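Participant: let's see this in three dimensions:
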Amino acid sequence: MNHPARRRPLALSLLTALTLTVCGCGGSSDTSTPTTPSFNPTPTTESFGGSIGQNGTAIHPFPVTTGGYTLMAGYTSLSPAPQTSLGLGIGTWDATTYTCSLNQIQNDAAKSGSTALSGTASAGNWCLRAYDGGNIPSGVTVSYVVQVQHY
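Facilitator: Prediction:
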């Protein structure tokens, strides 16, 4: 026969064991500081080429997917050999009107082999504009390759 007075010590023992088990599970002896994972995006390098004549221009759109990082652009080649510079600009690309608004930065005499433009870009649609900065003689067509590095 189960008597209520006999169940009390058993219930008290189970309650004490359960309390000790629960209290023992909450703590941790790890005193190290949690680390925040770092994000190191990989740069994207794109090359565009074309040809322009006196007063000419060419547009090359590209996307920047990770903003807040440096964007750099410059010509990697210009020909014919006597041509030493072209204009180069960076702006926002409007895909609905196919226009490159040179509202960021430009260099009217960008030389081959060096960074002509550099700045911090936000994520979005951007464009390069290669243009005659007043350096192409009449009757000459200049071929170029321009490179842009972004994230």
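Participant: from now on I want contacts and neighbour counts done on CA atoms only, so please keep to that.
Facilitator: Fine.
Participant: neighbours of Cys100, how many?
Facilitator: For Cys100, the count of nearby residues is 22 (other CA atoms under 10 Å).
Participant: which residue packs closest to it, ignoring adjacent ones?
Facilitator: Trp93 (4.8 Å; CA to CA, 6 or more residues apart in numbering).
Participant: contact partners of stretch 141-151?
Facilitator: Residues from elsewhere that reach stretch 141-151, judged by CA atoms under 8 Å, 6 or more residues apart in numbering: 41-54, 64-67, 69-80, 83, 121, 136.
Participant: could you list which of the residues you listed belong to helices?
Facilitator: Within the contacts of stretch 141-151, no residue falls in helices by DSSP state H.
Participant: which residues in this protein form strands?
Facilitator: Along the chain, counting by DSSP state E, strands occupy 44-52, 57-64, 69-79, 85-94, 99-111, 117-121, 124-131, 142-150.
Participant: need the least confident one among these, by mean pLDDT.
Facilitator: Comparing mean pLDDT over the strands of the chain, the weakest stretch is strand 99-111, at a mean of 91.
Participant: so what strands line up beside it?
Facilitator: strand 85-94 (antiparallel) (DSSP bridges).
Participant: rewinding a little: buried subset of the contacts of stretch 141-151?
Facilitator: Buried residues within the contacts of stretch 141-151, counting neighbours by 16 or more other CA atoms under 10 Å: 48-49, 51-54, 64, 69, 71-78, 83, 121, 136.
Participant: for Lys111, what are its contacts?
Facilitator: Gly74, Tyr75, Thr84, Ser85, Leu86.
Participant: quick one: these as CSV, columns for distance to Leu102 too.
Facilitator: CSV is the format used below for the contacts of Lys111 (distance: CA to CA, whole Å):
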residue, distance to Leu102
Gly74, 16
Tyr75, 17
Thr84, 22
Ser85, 18
Leu86, 15
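Participant: ok, so of the residues you listed, who is nearest Asp132?
Facilitator: Leu86 (5.5 Å; CA to CA).
Participant: from what I see, the closest one and Ala116 are in contact.
Facilitator: No - when contacts are counted by CA atoms under 8 Å, Leu86 is not listed as touching Ala116 (10.2 Å).
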